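Visitor: Just a sequence and a predicted model for now, questions to come.
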Amino acid sequence: MDKGIKPVVWTTRATKDLEKTAVFYRELYGSVKARK
């Protein structure tokens, strides 16, 4: 990990990525459930 990046900035970016991933998987799971 780059030490030049401030932890707060990295945490914010990681949180946004986590939210995007969570939304993606929720939509994926929803579409799979709807297909059954």
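Guide: Thanks, I have the structure now.
Visitor: Please make it C-alpha for all contacts and neighbour counts, starting now.
Guide: OK.
Visitor: Could you give the secondary structure assignment for the most centrally placed residue in the chain?
Guide: Most central in the chain under CA atoms, centre = their mean is Leu18, positioned 2.2 Å from the mean C-alpha point. In terms of secondary structure, Leu18 is helix; the call rests on DSSP: H, G, I helix; E, B strand; the rest coil.
Visitor: ok, it to Thr11 distance?
Guide: When distances are taken as CA to CA, to the nearest Å, Leu18 and Thr11 turn out to be 10 Å apart.
Visitor: Check Val23 too.
Guide: Applying CA to CA, the value for Val23 to Thr11 is 18 Å.
Visitor: cool, and Glu27?
Guide: 24 Å.
Visitor: what about the protein, any weak spots by pLDDT?
Guide: Residues of the chain that meet the criterion pLDDT under 70 lie in 1-6, 36.
Visitor: how does it look with 90?
Guide: Within the chain, the segments meeting pLDDT under 90 span 1-15, 29-36.
Visitor: just so I have it, where are all the helices in it?
Guide: For the chain, the helices identified by DSSP state H occupy 7-35, in order along the chain.
Visitor: residues in contact with stretch 27-36?
Guide: When contacts are defined by CA atoms under 8 Å, 6 or more residues apart in numbering, stretch 27-36 is touched by no residue outside itself.
Visitor: Can we start the residue count at 21 from this point?
Guide: Sure, I'll start numbering at 21, so the last one becomes stretch 47-56.
Visitor: Show me which positions of it end up buried.
Guide: Neighbour-count burial for stretch 47-56 flags no residue at all (criterion: 16 or more other CA atoms under 10 Å).
Visitor: to the chain's geometric centre, what's the distance from it?
Guide: Its chain's C-alpha centre and that of stretch 47-56 lie 19 Å apart, by CA atoms, centre = their mean, to the nearest Å.
Visitor: Can I get that stretch in PDB? Just the C-alpha atoms.
Guide: In PDB, the C-alpha atoms belonging to stretch 47-56 read as follows (Å, rounded to 0.1, in the frame of the first residue of the first chain):
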ATOM      1  CA  GLU A  47     -28.700  -6.400  -7.700                       C
ATOM      2  CA  LEU A  48     -27.100  -9.600  -8.800                       C
ATOM      3  CA  TYR A  49     -28.700 -11.600  -6.000                       C
ATOM      4  CA  GLY A  50     -32.100 -10.000  -6.700                       C
ATOM      5  CA  SER A  51     -31.900 -10.800 -10.400                       C
ATOM      6  CA  VAL A  52     -31.000 -14.400  -9.600                       C
ATOM      7  CA  LYS A  53     -33.900 -14.700  -7.100                       C
ATOM      8  CA  ALA A  54     -36.300 -13.100  -9.600                       C
ATOM      9  CA  ARG A  55     -35.200 -15.600 -12.300                       C
ATOM     10  CA  LYS A  56     -36.200 -18.600 -10.200                       C
END
